[in-house]
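Undergrad: Here you go, sequence then predicted model.
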Amino acid sequence: MSNANVGTNWAGNLVYAARAVHEPRSLHELQDIVRRGRSLRVLGSRHSFNDIADTTGDQVSLAGMPRVFELDRAAATVTVDGGVRYGELCEPLHAAGFALHNLASLPHISVAGACATATHGSGDRNGNLATAVTAVELLRADGEVVTLSRAADPETFPGAVVGLGALGVVTRVTLRLEPTFQVRQDLYEDLPLAAVAEHFDEITALADSVSLFSEWRGPVFEEVWLKRRVEPGVEFEPPPTLHGATRATVPIHPIRRMPADACTEQLGVPGPWHERLPHFRMDHTPSAGAELQTEYLLPRRHAVDALIAIDGLRDRIAPLLQVSEVRTVAADDLWMSTAVGRESVALHFTWVPDWSSVCELLPALEAALEPFEPRPHWGKLSTMSPDAIRAAYPRLRDFTALVDRFDPNGTFRNDYVRRTLDR
């Protein structure tokens, strides 16, 4: 089935150039589409802000493919289809007594798409979402299905997980699980930048997931979100103040002008992991909707200097900013992960939907961050040069060789892949 009306991404800042979207209902139908295709990209949940999922050929949506939920209790893994979203997966996992180690801010994103772009949540000990992957099933351009696992393919598996859609269609993903758990969210308001600079490691270690939000209108983080696991039988009462910040007494949206209805429950009320780790509820529009997003991951050791550098640009940043978020991410071994080989800090910016102005600002922001070895998020907006991006990945040549091996005719190589990866 094809639909010529390909539309836009969820934020509306990008009109897809694809000729049509194919919506297969079976693996056999998907194989036929892929074998006949000359230029294909998989369209996930449309939550990328750049053209990583676009093509002048055809897009393929897996939303109509049969759902897969194969739970292996003995191995503590679950295998899911390439089109499922986290919000659809987490509730049955929790009901079965299991959980994922981490979640992103939005439950609306697809599992395969999030892993393919190294999308992440927060936590000093938490790797990005792709680090939960133990096996991936890929449909190559020749229509053959190949499975790579960490156990059986240790040499190539780390290159295939964060694949940027360039290796083939991810038809199944196997994820590592742990026993289900409860989480509480406690929020604080108005944490001075000076306190963050002095106590950064202490603050980011206060909870399993820590987010610092600022509008960069002054040297302050207007909100601090602490998501802690609730240990059975252990009483916990958060202190009334945190390095000058005060504990919130009413729910708050990350963008303070917006109502908190879309946010997961706060104020210390315990709940299942999948109803607290994301910032937003599955049944609400996430964030602001009409927005642009940029994010850079830097070595954690540069966190404080990078924040001070951003503060030096706040007069230019604040007029275009809806909110900025700071999180930490554990290091991993996935070749194209934005946290590969280094403990990282993620600096996220949600901008007003004015690309011409944001595009004019980004070179100055990126120049300020350049001494700190930034890696832009694969699915968000950046003006960094392809040479600078390529230089940030030690296994880039190994990855491009893997792409050439899986897709020698370049069926899945769109403009984004060519300009970003090709020398």
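TA: Yep, that arrived.

Undergrad: Could you measure from residue 179 over to residue 98?
TA: Separation of residue 179 from residue 98 (Cβ to Cβ, to the nearest Å): 7 Å. Glycine gets a C-beta too; all of them are placed from N, C-alpha and C.

Undergrad: now do residue 404
TA: Using Cβ to Cβ, one obtains 37 Å as the distance from residue 404 to residue 98.

Undergrad: Likewise for residue 39?
TA: 39 Å.

Undergrad: ok, now residue 143?
TA: According to Cβ to Cβ, residue 143 and residue 98 sit 33 Å apart.

Undergrad: Between the two, point out the one with more neighbours.
TA: Higher neighbour count among residue 143 and residue 98: residue 98, with 21 against 15, using other Cβ atoms under 10 Å.

Undergrad: Would you report the backbone torsion angles of that one?
TA: Main-chain torsions, residue 98, degrees, to the nearest 10: phi -120, psi 170.

Undergrad: following the lowest-mean-pLDDT helix or strand in the chain, which helix or strand comes up?
TA: One helix or strand of the chain scores below all others by mean pLDDT, DSSP states H and E: strand 2-3, with a mean of 48. Once the chain leaves strand 2-3, the next helix or strand it forms, by DSSP states H and E, is strand 20-22.

Undergrad: Could you name the helices and strands sitting against the helix or strand following that following strand?
TA: Under the assignment DSSP H and E, the closest C-terminal helix or strand after strand 20-22 is helix 27-36. Secondary-structure packing of helix 27-36 (3 or more Cβ pairs under 8 Å, 6 or more residues apart in numbering; DSSP states H and E): strand 58-61, strand 133-139, strand 169-176.

Undergrad: Please convert the ones you listed to TSV, extending it with mean pLDDT, mean neighbour count and distance to residue 15.
TA: Below are the helices and strands packed on helix 27-36 laid out as TSV (pLDDT from 0 to 100; neighbours: other Cβ atoms under 10 Å; distance: least, Cβ to Cβ, whole Å):
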stretch	mean pLDDT	mean neighbour count	distance to residue 15
strand 58-61	94	22	13
strand 133-139	98	23	27
strand 169-176	98	23	23
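
Undergrad: out of these, nearest to residue 112?
TA: Nearest to residue 112, of all those, is strand 169-176, at 4.2 Å by Cβ to Cβ.

Undergrad: all strands for the stretch 201-350 of the chain, in order.
TA: Per DSSP state E, counting those that start in this stretch, the stretch 201-350 of the chain carries strands over the ranges 209-214, 220-230, 241-242, 245-247, 271-272, 292-299, 321-329, 344-351.

Undergrad: Residue 30: which of these is closest?
TA: strand 292-299 (29.7 Å).

Undergrad: Alpha carbons of that closest one, as PDB, please.
TA: The C-alpha coordinates for strand 292-299 follow below in PDB (Å, rounded to 0.1, in the frame of the first residue of the first chain):
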ATOM      1  CA  LEU A 292      12.800  23.200  16.800                       C
ATOM      2  CA  GLN A 293      15.300  21.200  18.700                       C
ATOM      3  CA  THR A 294      19.100  21.100  18.900                       C
ATOM      4  CA  GLU A 295      21.300  19.000  21.200                       C
ATOM      5  CA  TYR A 296      25.000  18.400  21.700                       C
ATOM      6  CA  LEU A 297      26.700  15.700  23.700                       C
ATOM      7  CA  LEU A 298      30.100  16.600  25.200                       C
ATOM      8  CA  PRO A 299      32.500  14.800  27.500                       C
END
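
Undergrad: Could you quantify the relative orientation of that strand and strand 321-329 as an angle?
TA: 30 degrees (axes from the mean of the first three to the mean of the last three Cα atoms, to 10 degrees).

Undergrad: ok, residue 100 - contacts?
TA: Counting by Cβ atoms under 8 Å, 6 or more residues apart in numbering, residue 100 makes contact with 86, 90, 93, 129, 132, 175, 177-178, 273-274.

Undergrad: If any of those are buried, put those into a PyMOL selection.
TA: A single PyMOL command is used to select the members of these judged buried by 16 or more other Cβ atoms under 10 Å:
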select buried, resi 86+90+93+129+132+175+177+273+274
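
Undergrad: Show only the entries of the contacts of residue 100 found in helices.
TA: Taking DSSP state H, the ones among these that sit in helices are 86, 90, 93.

Undergrad: Closest one of the residues you listed to residue 339?
TA: residue 86 (18.9 Å).

Undergrad: mind checking how far the residue nearest to the closest one when sequence neighbours are not counted is from residue 422?
TA: Ranked by Cβ to Cβ, 6 or more residues apart in numbering and with sequence neighbours excluded, the top spatial neighbour of residue 86 is residue 107, at 4.7 Å. Remark: distance between residue 107 and residue 422 (Cβ to Cβ) = 34 Å.

Undergrad: and these two? which has more neighbours close in?
TA: The residue with more neighbours, out of residue 107 and residue 422, is residue 107; 24 against 12, by other Cβ under 10 Å.

Undergrad: Can I get the helices and strands packed on helix 27-36 in JSON lines including distance to residue 323?
TA: Formatted as JSON lines, the helices and strands packed on helix 27-36 follow (distance: least, Cβ to Cβ, whole Å):
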{"stretch": "strand 58-61", "distance to residue 323": "30"}
{"stretch": "strand 133-139", "distance to residue 323": "30"}
{"stretch": "strand 169-176", "distance to residue 323": "30"}
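
Undergrad: Relative to residue 344, which of the ones you listed is closest?
TA: strand 133-139 (18.2 Å).

Undergrad: Between strand 169-176 and the helix or strand following that closest one, find me the angle.
TA: Next in sequence after strand 133-139, counting helices and strands by DSSP H and E, comes strand 145-149. Interaxial angle, strand 145-149 versus strand 169-176 (the same axes, to 10 degrees): 30 degrees.

Undergrad: ok, strand 145-149: who's next to it in the sheet?
TA: strand 133-139 (antiparallel) (DSSP bridges).

Undergrad: Would you mind writing the CA trace of the partner strand as CSV?
TA: In CSV, the C-alpha atoms belonging to strand 133-139 read as follows (Å, rounded to 0.1, in the frame of the first residue of the first chain):
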residue,chain,number,x,y,z
VAL,A,133,19.7,-3.7,22.6
THR,A,134,21.1,-7.3,22.6
ALA,A,135,20.1,-8.2,19.1
VAL,A,136,18.8,-6.5,16.0
GLU,A,137,17.1,-8.0,12.9
LEU,A,138,17.8,-6.1,9.6
LEU,A,139,16.2,-6.4,6.2
